[in-house]
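Student: missing the sequence, but the structure's below:
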């Protein structure tokens, strides 16, 4: 691993924004590839943060500070990325389903998806099925992530999948669901493509699902 | 079917004084579901104290549960102190504009007499209405959002979570002000003849580490529980979600009773049941909302078996709020199952 990439990763894990920004500035000064610094350095750090969350060492406050450090470094690197060097990222439309306002889990998933290189379109909480379908139409293709803590809202997840089918968009999207009230069985029942138990699984699932997306739509 | 021989009030008094009871107390946390019982929209219920109190009295007449719990949402103290909410027609309101979205807003926070502002007087009215209607037979409680949860609603949860690491001074100030308002509100509930039940959904083990719970949430809970205990009332603490990591620290808040959600009750009994009363934890969504009457009965029976081993007392409860759309037959099944299987020995 390039020592500067390692330093970027370590700074993110250490919640040290100043260190992350300093390392990003060195990447620019030394003329290293800023895109690689993000994917190999900062994202690697956030993957480690995801693992620490999974194992119960980091919690919500720690993750937020780590992601702040990452974003501060990205802000330094981004202007130096050449347009042709950027792979067009897969879009993920993310939201807490209508009827539910618990968005802490969704926010963590958003941070980790961002870090993993996805373009996250965050619709927020209490999002209607119609708004998901609208956003899907605008995005053209990608992944839709539905979150729900309260089981009262599960039916609304099914409505999103139905809405995509009716709009003729189902084939362009992979639908993943998460949250305390959902399950793999429920995902199968409503014809979603997968269920993630936690934020780490959500990213792994997105990686898996994005490989099965129609290529023309994701490039 | 066995018949009850005590009223909820007699049973509750016996529980508090360690006297014999005919069965375990049964407390499905019927909160916003009370609006459903007589067909009122949640958005009307949570803005009208008289209606709210009537809904809870009616819900009790319908189900006969052992504790009325008046509640709308956990932002009510923050709302009184300046946070703006977005009200829904038939659901709980959402935090829309946190009062302290930038640290400089701290000076604009309402800190004097906040307990008389916002919707807080409406909850006191609801307590009075319910006490007047059915208080001779059933105890009436009202939820008090804990300081940690209120501070998160004042600042926005994400920002407050960052403050715990980046701006401890601000976090501690918000907690101090929230604690003062919570103590005032708890006293108002007691004055109205109600029992304050402290709820701290944000300080749950899935959001916070044990160290942060001990540093930020526990001291304020201690102070609030102390204020309630000094009035001769037991301190009840409910924290939603996964609380296994913080269970001992919850005991350390000097509560008398812990209401638990997503944790094995057998584990809780073995770890802390010798030091504190426990309440819980029929699964609200999987069992009460999505299950059938047999699922409810089976779970209640298992919990009663565990409860008989709780040295400091056990109350059969729901893990968290009974979902608004729960079928009445499942709540009935919960009550019947406790009558059938909830004998103390």
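Tutor: Yes, it's here. If you're wondering where the values come from, they're calculated on a predicted model, not measured in any experiment.

Student: and the helix or strand containing residue B:53, which residues are buried?
Tutor: Per DSSP states H and E, residue B:53 falls inside helix B:49-63. Under the neighbour-count criterion of 16 or more other CB atoms under 10 Å in any protein chain shown, helix B:49-63 has B:49, B:51-60, B:63 buried. For glycine as for every other residue, the C-beta is placed from the backbone atoms N, C-alpha and C.

Student: so which of those residues is the closest to residue B:117?
Tutor: residue B:49 (14.0 Å; CB to CB).

Student: who's in contact with that closest one?
Tutor: B:121-126, B:129 (CB atoms under 8 Å, 6 or more residues apart in numbering or on different chains).

Student: out of the residues you listed, which are inside helices?
Tutor: Secondary structure from DSSP state H places B:121-126, B:129 of the contacts of residue B:49 in helices.

Student: for chain A, what is the nearest residue in the stretch 151-300 of chain B?
Tutor: residue B:285 (3.5 Å; CB to the nearest CB).

Student: just to check, that residue is in contact with residue B:323?
Tutor: Yes. Using CB atoms under 8 Å, residue B:285 is in contact with residue B:323, at 6.1 Å.

Student: if we can go back for a sec, report the secondary structure state of the residue of the stretch 151-300 of chain B closest to chain A.
Tutor: helix (DSSP: H, G, I helix; E, B strand; the rest coil).

Student: what number of residues lie near it?
Tutor: 22 (other CB atoms under 10 Å in any protein chain shown).

Student: how about residue A:82?
Tutor: That count, for residue A:82 with other CB under 10 Å as the rule, works out to 9.

Student: also residue A:185?
Tutor: With other CB under 10 Å as criterion, residue A:185 counts 8.

Student: what sits against the nearest residue to residue A:54 once chain neighbours are set aside?
Tutor: Distance criterion CB to CB, 6 or more residues apart in numbering or on different chains; nearest residue to residue A:54, sequence neighbours excluded, is residue A:200 at 4.7 Å. Contacts for residue A:200 (CB under 8 Å, 6+ apart) come out as A:50-51, A:53-54, A:112.

Student: out of these, who's nearest chain B?
Tutor: Looking across those and measuring by CB to the nearest CB, the closest to chain B is residue A:53, at 10.1 Å.

Student: hmm, back to that, tell me the average confidence for the helix or strand following the helix holding residue B:53?
Tutor: Going down the chain from helix B:49-63, the next helix or strand is strand B:68-70, by DSSP H and E. Averaged over strand B:68-70, pLDDT sits at 98.

Student: ditto for stretch B:225-239
Tutor: In the prediction, stretch B:225-239 has an average pLDDT of 97.

Student: first-to-last residue distance for that stretch?
Tutor: Distance between the boundary residues of stretch B:225-239 (CA to CA, to the nearest Å) amounts to 14 Å.

Student: is stretch B:39-48 anywhere near chain A?
Tutor: No. Stretch B:39-48 lies out of reach of chain A by CB under 8 Å from any CB of the partner chain, never closer than 11.3 Å.

Student: now do that stretch: distance to the chain's middle.
Tutor: 19 Å (CA atoms, centre = their mean, to the nearest Å).

Student: quick one: buried residues of that stretch?
Tutor: B:40, B:42-43, B:45-46, B:48.

Student: try stretch B:90-103
Tutor: B:91-95, B:98-100.

Student: ok, those residues vs residue B:168, which is closest?
Tutor: residue B:100 (14.8 Å).

Student: surely residue A:122 and residue A:92 touch.
Tutor: No. Between residue A:122 and residue A:92 there is no contact under CB under 8 Å: 9.0 Å.

Student: the two: who's more crowded?
Tutor: Of the pair residue A:122 and residue A:92, residue A:92 is the one with more neighbours under other CB under 10 Å, namely 28 against 20.

Student: so the most centrally placed residue in chain A is in which element?
Tutor: Centroid-nearest residue in chain A, with CA atoms, centre = their mean: residue A:113, separated by 1.8 Å. Assigning secondary structure by DSSP H and E places residue A:113 in helix A:104-115.

Student: got the buried residues for whichever helix or strand comes after that helix?
Tutor: Note on helix A:104-115: by DSSP H and E, the next helix or strand toward the C-terminus is strand A:119-122. Of all the residues in strand A:119-122, those buried under the rule 16+ other CB under 10 Å are A:120-122.

Student: and strand A:119-122, is it in reach of chain B?
Tutor: No. For a cut-off given as CB under 8 Å from any CB, strand A:119-122 has no contacts with chain B; the smallest distance is 12.3 Å.

Student: what is that strand packed up against?
Tutor: strand A:91-96, helix A:104-115 (3 or more CB pairs under 8 Å, 6 or more residues apart in numbering or on different chains; DSSP states H and E).

Student: can you give me the strands in chain A?
Tutor: Assignment of strands within chain A using DSSP state E yields the ranges A:91-96, A:119-122, A:142-147, A:173-178, A:194-196.

Student: go through these and name the closest to residue A:74.
Tutor: Comparing those under CB to CB, the one sitting nearest is strand A:119-122, at 13.0 Å.

Student: need the contact partners of stretch A:69-89.
Tutor: A:8, A:11-12, A:15-17, A:19-21, A:23-25, A:27-28, A:33-35, A:37-38, A:42, A:45-46, A:115, A:117-119, A:218-219.

Student: ok so, going back, in CSV, list the buried residues of helix B:49-63 along with distance to residue B:187 and pLDDT.
Tutor: What follows is these, written out as CSV (distance: CB to CB, whole Å; pLDDT from 0 to 100):
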residue, distance to residue B:187, pLDDT
B:49, 18, 98
B:51, 24, 98
B:52, 20, 98
B:53, 19, 98
B:54, 24, 98
B:55, 24, 98
B:56, 21, 98
B:57, 23, 98
B:58, 28, 98
B:59, 26, 98
B:60, 24, 98
B:63, 29, 98
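
Student: give the buried residues for the lengthiest helix in chain A.
Tutor: Across chain A, the longest stretch assigned as helix under DSSP H is helix A:60-77. Buried residues in helix A:60-77, counted by 16+ other CB under 10 Å: A:60-74, A:76-77.

Student: including distance to residue B:186, could the buried residues of strand A:119-122 go into CSV?
Tutor: Output for these, formatted as CSV (distance: CB to CB, whole Å):
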residue, distance to residue B:186
A:120, 41
A:121, 43
A:122, 37
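
Student: can you pull the contacts of residue B:276?
Tutor: B:251, B:255-258, B:312.

Student: repeat that for 10 Å
Tutor: Residue B:276 makes contact with B:237, B:247, B:250-258, B:268, B:310-313 under the criterion CB atoms under 10 Å, 6 or more residues apart in numbering or on different chains.

Student: before we move on, back to that, most neighbours, which of the contacts of residue B:49?
Tutor: Going by other CB under 10 Å, residue B:126 tops the contacts of residue B:49 with 32 neighbours.

Student: having no further points to raise, I will conclude here.
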